[in-house]
Each structure stands twice: as C-alpha cells, then as structure tokens.
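The following comprises the amino acid sequence and a computationally predicted model.
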There are 2 protein chains.
Amino acid sequence: VPTGTSTEQSLALAHEAIARCRQIAADTEEPGFTTRTFLSAPMRAVHERLGAWMEHAGMKVSIDHAGNLRGRYPSSSGDGPRLLIGSHLDTVPHAGAFDGVLGVVLGVALIELLAGRRLKLEIEIVGFSEEEGVRFGVPFIGSRALIGEAGAELLARRDVAGVSVADAITAFGLDPARIGEAAQDALGYLEFHIEQGPVLEDRNLPLGVVQAIAGQSRLDVVFEGKANHAGTTPMALRRDALAGAAEWIGAVEREAQAVSGLVATVGRLDASPGAGNVIAGSARASLDVRHAADTARCQSLARILEQAGEIATRRFLNVSWEQRLDQPAVPMDPSMTLLLDHAVAQAGHPVHRMTSGAGHDAMIVARRMPVAMLFVRSPGGISHHPDEAVLAGDVAAALETGMCFLANLEKA
Amino acid sequence: VPTGTSTEQSLALAHEAIARCRQIAADTEEPGFTTRTFLSAPMRAVHERLGAWMEHAGMKVSIDHAGNLRGRYPSSSGDGPRLLIGSHLDTVPHAGAFDGVLGVVLGVALIELLAGRRLKLEIEIVGFSEEEGVRFGVPFIGSRALIGEAGAELLARRDVAGVSVADAITAFGLDPARIGEAAQDALGYLEFHIEQGPVLEDRNLPLGVVQAIAGQSRLDVVFEGKANHAGTTPMALRRDALAGAAEWIGAVEREAQAVSGLVATVGRLDASPGAGNVIAGSARASLDVRHAADTARCQSLARILEQAGEIATRRFLNVSWEQRLDQPAVPMDPSMTLLLDHAVAQAGHPVHRMTSGAGHDAMIVARRMPVAMLFVRSPGGISHHPDEAVLAGDVAAALETGMCFLANLEKA
C-alpha cells in the first residue's frame, strides 16, 4: 500500500473525479438542472457509468434490492475484513454536482490509485440509492437498508403520485421482498462529503474531520395575540403577535451566539392575517436548534422556550409550541476518527475536528458499525444549488488522506 | 329646535337605529355575511329601505349619478344654508352592521327627532355609494363625486371582472356622464362613525370628537442577506435577513412607543425561501406609520428607516424600501369641531378629542367644505368583522349630541 501519492498524480485524479461528478450531474430527471430522486430513470445511467469505472478498477459490481450500487474490491486473502466507503447518489431538486456523488466517486478513485494491488482489507464502495428524502418525504432509504432497518413501513411509503417505495423498487427491476439482503456487517464505514457550509473556507482549510453529527430539535412556535386595525389601535392597547415573535427571534439568536457550537434558526415566519394595515393576530415561526452535545442542545432549547413564555406574558400574548423533530447527536467512532486525523496529518494538512450540522448516511450506518467522515471544503459554503463546487486541490487532499487512512487501517 | 331629547326618547330611537342597521346588514351579496360593494344588487334594497324612512321623515329623496342616496329636509325659509350629514353605505367583505351605515341611519333619526319642525338650515342626509375601495381598489368614489373630483380616470377603473366604474353606474340605471351633478357646496359636513378602535372603550367614554384624520406612510422594506443551510452555517458567518428584519421590527415598535400619538405597524413579513432548515436570504416587511401631525410622522419614518440602515450595515445585509403611500393628515374644521365639543358637553358627556387612525369620507369632503366628525365607541375595538357592535346608550348619546349640534349651528 502506498502511504501517499505524488501531488501530481492525486491532482490529476482529483480533476478526473470532478469531471466524473459533472458527468453524473447530467443524468437528471429535469433537463438543464440536476434532479435525481430515488430510483428515477437517470439513476440507471448513473449505475452504468459508475459500474463501468468500478469494473475497470477491478471491482465486482452489483445492485442490492434497495437500489444501492455496490462495488467489491477483494482482499489479498479473499476473506479479509471489509471496509465500506460510500455516500449517496440521489440529489435534491436543482442540485449541485458534488453532494453525495463526490463520496462515491472518491471511493472508486481510491481503488484506482491501488492500481490492482490487493490489501488485507476487502473494500466495498457503496452508492446509496437515497439520502435526501425528496421523493418519499423520508430520507436515508439506502443506508437504512444497509443496516437492516428498511422495514415494511418504509416500503409502504408513497410518493405524491401514489407510488410506494416497494413499487419503485419493483419498477427498477429489483425485488422489495429481498431488501433485507442489502444488510451488511463490516469493520467500518468511511464517508467523504462536501461540507455544505462555510467553516472550512472561513478557516482556509481543505479538509475537516467530522467528530459528531449534530442533534436537532425542530419545532413550530406560535404566538397568538389579537388582530386589530393598524391605524386605530394605540401602541399601548396592542397584542401584536408579530412584534412578539420578532422579539423572540432576537432571543433565539442571542442564545445561539452565547453557546459555543450551537446553531439556532428561525427560517419561516407566517404572520396572520398578513396585511400591511392589520396588526398580526398570530405568528407561526419555525425553530431549528442543533448542537453536537444533546445536553447543550436541550438546555438551550429550554431557555429559548422559556424566553418565548416570558415575552408572551409581558405582551399579553399566548405562546405554544409543537416539537416536530428531536434527533440525538451521533458521534463518529473515536478510534476510526483518530485514524482519520492521522491520515489528514500524514497527507500534510492541518487536522480540524468539526461538527456536521447536517445529517449524512454515516449517521445511519453508525447504528451498525464504526464510522468516520471527512469533509471537503465547500467554496462559498454553497450547497443544494447548481453553483455547488469543490476545489481540485481539496479533492486531491481528500484522496491522499484516503490512501493514508487505508494504510493506517491495514496496520491497526 | 329642541336642544336635547329625553333619555327615554333617545334610547328608544337608538334601539331603532341599531335595528335598522341590522336590517340593512341583511342586504348582502353573500348570504350569511354582510358584503356590499359599489352599486351591487343589494345596494338597491338599501336605497329603498333608507329612502322610505327618509320620505316618511319628510325628506325629498334622490340618487345622484355617483350612486349616492340623498335625502333633503328643507329649511323653514326654503333656501337656508345647507348642512350635510352622511357616511357610506358600502361595506368590506364579511363586514359588521355599523361601519358607515350607522352614520346615515343616525342622520335620518335626527330628522325624525325634529318631528316635522323646520330649521333655518336645510339638512341633507347623504349615503355615499362607496368608501371602502373593495370593488375597484380605489376608495371614496361617493365622496369624491360629492366634491366634484370623480373624473374620467376614476370612471375608467375596472373591477376584477373587467367592469368599469362607469359601466357599474350605467348598469345601476344611472348616467356616468352626469356624475359631475353630484358635486355639492354646503355650509358643512357632519359624520357620525364608529371608532373602529379601542380608545373610547379603554377610557370608558361613549363619544370622541375627531380632531384630525391621521396621515399615513406605507412602505415595503426589504432586507437581503444570504440563504444558507441552518445546520452547517455557524452563527458568526450568517447574513440572516429574517433576524435583521426581526431586530428592526423591535425598533419600529420602540419608535412608536416613544412618540406620542404615533402608531407604526409591521403586519406582513415574508421570509424567503421560508423553510425551517434554511437561513432566510431575504425578508420583505410592510410598514404602516400614522400620526395626526405630518412632521412627526415624517420624522419618525426617517428614524425608522435610518435604524433599518444601521441594522443592515451591522449585519452585512442590504436594505431597500419602496414608498406605497404618503398621505398627509387632514384636520377637521376647528370651528365646527368646537361646536361639536359643546354639543357633546351639552348632551352631558365628557369631551374627548382624538385622532382618527383610519380614513373616512370626512377626509375627502374636507377639501370642499368645513367638516366635523363624531366617533361612537366600538365595543372591543372590533370592526370589519361580523362581531362589530355599538352600545344603545352610546348611540343615544350620539343622537342627543347631534340635536345639540344642530341647535348650536342654528345659533352660530
């Protein structure tokens, strides 16, 4: 195993990986944009494209009954422990070229870098069929199948056209009754993924080692006052729900600024009746709170809701809330993550541990095996947008890190 | 002229006036609700109802070519100076029974209280055809015609069905070419109207003497930042347009609380893209600022916009605004208003001067003649809603005040 590659070689492969991601981006449901949902027609083209590259690199290619593309690169002994490397192949509507796809393409590139040499490890590249949750309103179909948690309830979910997950699998030529066969044990799972945020760019770093995927609380918070005439109701006699919600948005922001690592967002705010000359009688706000530590998240959420209560009481408003999501943080595996730290350092890059504020397949796979995750800088922090990009140097750094990681894992 | 009426008599007439308003509320375009726009079919029934009461009280009834119902009660000399008493007969959709209609019904009741006795004044009761601006998106058609300002541009305005004001006048059996004949000079104009706000109730007063109709500024204010992932964008790297708008809403509220008589309202706020897990890239807010003094209003507006600029700069946002309306305040006539003060006191009620935060026909009529306006308490401040109400005692107080006003005007 090479413990590193020449800068020239890895840069050339990085350019090739970027070109492959852009080719795959042309496999779309919607001409002019990249939109590729669970087992839609263009996914077949993606499988063919990636499958050909996999075979050429010496992998045995299959598609499991969850629609995951899988390429196995055998170990030198023929039955060595297996490492999974993967990410997802579906996209959001009007997506960029790199979210998900880059992780699969980089897995294939790593095998290509081995140039036919076998390791003590078997390596399996996995291209998950679904992660974004676009078509069925429920994410992670591919990785759930991999951990054996794609049950009857998931298979029965229907898209807006009334087609169930099971129907879609059948229509793709697969057998939903055999989805359980997609389940896989392994030594571990490694995921490369674009950061989808501005942190690495802000710190001028190519790579970030993910320490944990943040837990999330999502709520709807509703302030209720009294709709009234904007001209005839003096300030002192108002019960303005929008003014109350606005004050609370400030409190949400201050809480997040005060607690290290916390992000808290109000992204949606609906004032009713919503006319310029009517004081708002009610205001419904979304709240999204994330932190790598569940205790910190829950304590901040409690303070944010307490503030909502205080503001409402002082303003003679009612406030109520409904929890939509309460998802615990998922730590990455400490040992594998340490190996990844070392690999980043060996490849000659600063080691920066960070929290992923977004969910990823690694979060699901972590339920069954040790996982590690490497972020690649996102220029401008842009993601879920056609302008999504990566820098070739950063992709090369990820490849070099991946090679070092494989070497470290062999020795571990 | 009686300078007052017995409490018993005026209370009986008040109950009758309320009953008449409720009868008229049943003349509607929409069964189950009160909705009556410019010269719609139910307006004919209203004219017949009110016209019969007017004739019975000794008035000569006509409908001018703007669709205004007019009832003339001659002076003792036959050519005495004319006082107009009126308000509007159209309604908002799903209206209450008293906004507008009460002022016309009270005018008729005052004539009935005269019981056939003539004054030195001629009195003309006017039921304006349109004030709310619902059908043609432009208000005050009736009172504009009365002051001779219903020109070709107004007649050409079309409703959503493509019917012009002129078409609607023709369809009602009137002649839009003769709308100029609706113009009228007079000694003055008196309007009774429900307050449509909570001030009188809050001060436990039946009546309010309007001193001025507030000037209004209406704007759209747009904050622009950068839409980003709510999970992956740290607080310090955000340009959150909604958080900026929320901070500014607090500044708007504080400005209005600090300046006596000012009301300022943000009633509409649209955040985009408006998803719970996306930081808002832009936020568009309405702003409505009103004050009886134009200087105070314009100074406050300038401070509010300056604050928007400061907030935007500090948060790395852009802010821009568009003025939608800049309507000066309209003072009532000082002499007529003083006569009205005296009448309120003579009728045995506390004199409370106030600003009208809403527009009224008196505001238009003031361009041609001296005007005065009396508010009747609105229980709960409720208006433009089926729950809109008046108290019989307050209506009796308005009637007694009206009788005293007529007597004072005779003597003046």
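Thanks, I have it.

sec struct for the residue in the stretch 51-200 of chain A positioned nearest to chain B, please.
For the stretch 51-200 of chain A and chain B, the shortest gap (Cβ to the nearest Cβ) falls at residue A:197, measuring 2.8 Å. C-beta coordinates here come from the backbone N, C-alpha and C atoms, glycine included. Under DSSP: H, G, I helix; E, B strand; the rest coil, residue A:197 falls in the coil class.

How about it, nearest residue that isn't a chain neighbour?
Computed as Cβ to Cβ, 6 or more residues apart in numbering or on different chains, the closest residue to residue A:197 that is not its neighbour in sequence is residue B:232, at 2.8 Å.

Next one: the residue in chain A sticking out farthest from the centre, what pLDDT does it get?
For chain A, the residue at maximal distance from the C-alpha centroid (Cα atoms, centre = their mean) is residue A:232, at 50.2 Å. For residue A:232, the pLDDT comes out at 94.

For chain B, see how far away the residue positioned nearest the centre of chain A is.
A centroid search over chain A (Cα atoms, centre = their mean) returns residue A:360, at 3.2 Å, as the residue closest to the centre. Separation of residue A:360 from chain B (Cβ to the nearest Cβ, to the nearest Å) stands at 11 Å.

Helix, strand or coil: sort out the residue nearest to residue A:197 for me.
coil.

For it, which residues are in contact?
A:195, A:196, A:197, A:198, A:199, A:356, A:357, A:358, A:381, A:383 (Cβ atoms under 8 Å, 6 or more residues apart in numbering or on different chains).

right, and the second one touches residue A:389 too?
No. Judged on Cβ atoms under 8 Å, residue A:196 makes no contact with residue A:389 at a distance of 11.6 Å.

shared neighbours, the two?
Shared contacts of residue A:196 and residue A:389 (Cβ under 8 Å, 6+ apart): residue A:378.

Look at the two and report which has more neighbours.
Neighbours were counted for residue A:196 and for residue A:389 using other Cβ atoms under 10 Å in any protein chain shown; residue A:196 has more, 24 against 17.

Which parts of chain A are helices?
With helices called from DSSP state H, chain A shows them at A:7-25, A:41-56, A:101-114, A:141-146, A:152-156, A:165-171, A:199-203, A:241-258, A:294-314, A:334-346, A:361-365, A:392-411.

what's next to the fifth one, contact-wise?
Identification of contacts with helix A:152-156 by Cβ under 8 Å, 6+ apart yields A:138, A:141, A:144, A:164, A:165, A:166, A:169, A:176, A:179.

ok, now stretch A:323-335?
Stretch A:323-335 has contacts (Cβ under 8 Å, 6+ apart) with A:188, A:210-220, A:291-294, A:297, A:359, A:362-363, A:366, A:370-373, A:412, B:276.

Low-confidence bits of the stretch 201-350 of chain A, can you list those?
Nowhere does the stretch 201-350 of chain A drop to pLDDT under 70.

how about 90 then?
A:275, A:277, A:324 (pLDDT under 90).

before we move on, back to that, leaving out sequence neighbours, find the closest residue to the residue nearest to the centre of chain A.
With Cβ to Cβ, 6+ apart, the residue lying closest to residue A:360 is residue A:193, at 5.8 Å.

Dig out what the one you found forms beta bridges with.
In this structure, residue A:193 bridges to residue A:375 when assessed by DSSP bridges.

who's in contact with it?
By Cβ under 8 Å, 6+ apart, residue A:193 lies in contact with A:87, A:99, A:100, A:102, A:103, A:360, A:373, A:374, A:375, A:376.

Try it again at 7 Å.
Residue A:193 makes contacts with A:87, A:103, A:360, A:373, A:375, as judged by Cβ atoms under 7 Å, 6 or more residues apart in numbering or on different chains.

Residue A:211 versus the nearest residue to the first one once chain neighbours are set aside, what's the distance?
Read that as residue A:87. The shortest distance from residue A:87 to any non-neighbouring residue, by Cβ to Cβ, 6+ apart, is to residue A:103 (2.6 Å). Here residue A:103 is placed at a distance of 18 Å from residue A:211 (Cβ to Cβ, to the nearest Å).

Those two - which one has more neighbours?
A direct count of neighbours by other Cβ under 10 Å for residue A:103 and residue A:211 places residue A:103 higher, at 30 against 19.

Correct me if wrong: residue A:307 contacts residue A:248.
Yes. Residue A:307 lies in contact with residue A:248 (Cβ atoms under 7 Å); the separation is 6.3 Å.

Looking at the two now, which is surrounded by more residues?
Shown here are residue A:307 and residue A:248; by other Cβ under 10 Å, residue A:248 has more neighbours (28 against 18).

The more buried one and residue A:306 touch, don't they?
No. Residue A:248 is beyond contact range of residue A:306, at 10.8 Å (criterion: Cβ under 7 Å).

quick one, what contacts residue A:212?
A:292, A:329, A:330, A:331, A:332, A:355.

What's opposite the last one in the beta bridge?
Here residue A:355 shows beta-bridge partners residue A:212, assigned using DSSP bridges.

before we move on, back to that, ChimeraX command to pick out the buried ones of the contacts of helix A:152-156?
Burial among the contacts of helix A:152-156 is assessed by 16 or more other Cβ atoms under 10 Å in any protein chain shown; the matching ChimeraX selection reads:
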select /A:141,144,164,165,166,169,176,179
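
hang on, the earlier thing: among the helices of chain A, which is the most enclosed?
Comparing the helices of chain A by mean neighbour count (mean count of other Cβ atoms under 10 Å in any protein chain shown), helix A:141-146 ranks first with a mean of 29.

now what about it, what contacts it?
Contacts for helix A:141-146 (Cβ under 7 Å, 6+ apart): A:38, A:64, A:66-68, A:88, A:126, A:128-131, A:150, A:154, A:165, A:179, A:182-184, A:361, A:364-365.

So what would you say the end-to-end distance of stretch A:254-265 is?
One end of stretch A:254-265 sits 11 Å from the other (Cα to Cα, to the nearest Å).

give me the low-pLDDT residue ranges for the stretch 1-150 of chain A?
By pLDDT under 90, the low-scoring segments of the stretch 1-150 of chain A are A:1-9, A:137-138.

Nice, that's everything, thank you.
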